[in-house]
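Visitor: for reference, the sequence and a predicted model appear below.
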Amino acid sequence: MPSVLVVGYDPQAIPGVDAEAHRAALDAELARFGEHGIDAAMTLIVFDASAESTLVASLTKQPWDVVVVGGGIRKTEQLLPLFEQIVNLIRSRAPQSAIAFNTSGGDSVEAAQRWL
């Protein structure tokens, strides 16, 4: 069974966002991976000192076929340093993994399928 790690920005760290609703949508997307026969996990990070250790723990938990980086990280100009850090950690800690990018939390399956 193919494996995918989805890396996203923790909705609880975004001011003005309904974190519970956002998390429910992310959980629904994880369930959709299962419907497509893909083992998936999600790691939510924030832009602080914990980002690297949180991501490294997830990247090294198992060999991932694909790591999907969420649009919330890529599209937010203030998070550019975090995005760079994530890409470089994927390259160094999970070099066997393809890197994919979604446009929203609702198309992570399709992003991963491009590389499976």
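Guide: Received the coordinates, thanks. Numbers count the residues shown, from 1 in each chain.

Visitor: quick one: least confident helix or strand in this protein?
Guide: Across the helices and strands of the chain, the lowest-confidence element by mean pLDDT, DSSP states H and E is helix 71-74, at a mean of 86.

Visitor: which strands and helices lie in contact with that one?
Guide: In terms of contacts (3 or more Cβ pairs under 8 Å, 6 or more residues apart in numbering; DSSP states H and E), helix 71-74 is packed against strand 3-9, helix 80-93. Yep, even glycine has a C-beta here, placed from its N, CA and C like the rest.

Visitor: and these: which comes nearest residue 100?
Guide: With Cβ to Cβ, the closest approach to residue 100 among the helices and strands packed on helix 71-74 belongs to strand 3-9: 8.3 Å.

Visitor: list the buried residues in the helix or strand just after the closest one.
Guide: Tracing the chain past strand 3-9, the next element assigned as helix or strand by DSSP states H and E is helix 19-35. Residues of helix 19-35 classed as buried: 22, 23, 26, 29, 30, 32, 33 (neighbour count, 16 or more other Cβ atoms under 10 Å).

Visitor: would you turn these into TSV with distance to residue 71 and pLDDT?
Guide: Shown next, in TSV, are the buried residues of helix 19-35 (distance: Cβ to Cβ, whole Å; pLDDT from 0 to 100):
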residue	distance to residue 71	pLDDT
22	12	82
23	16	84
26	12	87
29	12	91
30	16	93
32	16	96
33	17	96
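
Visitor: relative to residue 103, which of the residues you listed is nearest.
Guide: Lowest distance from residue 103 to those (Cβ to Cβ) belongs to residue 29, with 12.3 Å.

Visitor: which among the helices and strands packed on helix 71-74 is found nearest to residue 60?
Guide: Using Cβ to Cβ, the helices and strands packed on helix 71-74 put helix 80-93 closest to residue 60, at 5.7 Å.

Visitor: all set, thanks.
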